[in-house]
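> Okay, structure incoming, though there's no sequence with it:
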């Protein structure tokens, strides 16, 4: 318990072998889940697990697919999964992500950004730093339709 401290998260899992082991993983956790059950990758545990994904960190709500389409095409060519963190994702944008997931064209998941107000922006900036990406915000001069793969964060596993 000393290794993770007061703010750390401890997960106990059943092993397939008879030995006890300890694995310390550095990262972060926040209390938000996927926006659609169609994003589930492990139906038994109702989890969405993405290996080596790109991470789009967007400050505003995403409803319009037209702004997101150029980025989705680039990611589909790379064959990597995508996690979208935004204030909200709905309408045409969410429907397109679900359809592409069901067709197997693009492995994607969408999550509402953690926090509220100014705290949300600060948390998104922290996530951007942690993942090596950029916070996509119009006030910073970055528009969603102009986002390139270098602007996205990365993680080993989500």
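Perfect, thanks for sending it. Quantities reported herein were computed from a predicted structural model and do not represent experimental measurements. Numbering: from 1, shown residues only.

> from here on, contacts and neighbour counts on C-alpha atoms
Fine.

> ok, what's across the strand from residue 157?
residue 51 (DSSP bridges).

> can you count the residues close to it?
10 (other CA atoms under 10 Å).

> And the strands in this structure?
54-58, 61-62, 82-86, 88-89, 108-112, 135-136, 153-154 (DSSP state E).

> Point out the other helices and strands that the first one packs with.
If I follow you right, that is strand 54-58. Under the contact criterion of 3 or more CA pairs under 8 Å, 6 or more residues apart in numbering; DSSP states H and E, strand 54-58 touches strand 82-86, helix 117-131, strand 135-136, strand 153-154.

> Determine how far the third one lies from the middle of the whole chain.
It stands for strand 135-136. 13 Å (CA atoms, centre = their mean, to the nearest Å).

> Starting from it, tell me which strands it pairs with and how they run.
Applying DSSP bridges, one finds strand 135-136 paired with strand 54-58 (parallel).

> can you state the direction angle for the strand it pairs with and helix 117-131?
160 degrees (axes from the mean of the first three to the mean of the last three CA atoms, to 10 degrees).

> For residue 76, which non-adjacent residue is closest in space?
residue 106 (5.5 Å; CA to CA, 6 or more residues apart in numbering).

> cool, and residue 67?
Counting by CA to CA, 6+ apart, the residue nearest residue 67 is residue 145, at 4.5 Å.

> and the one you found, what does it touch?
With contact set as CA atoms under 8 Å, 6 or more residues apart in numbering, residue 145 has these partners: 66, 67, 68, 69, 70, 71.

> does the second one really touch residue 147, like I thought?
No - under the criterion of CA atoms under 8 Å, residue 67 is not in contact with residue 147, lying 9.4 Å apart.
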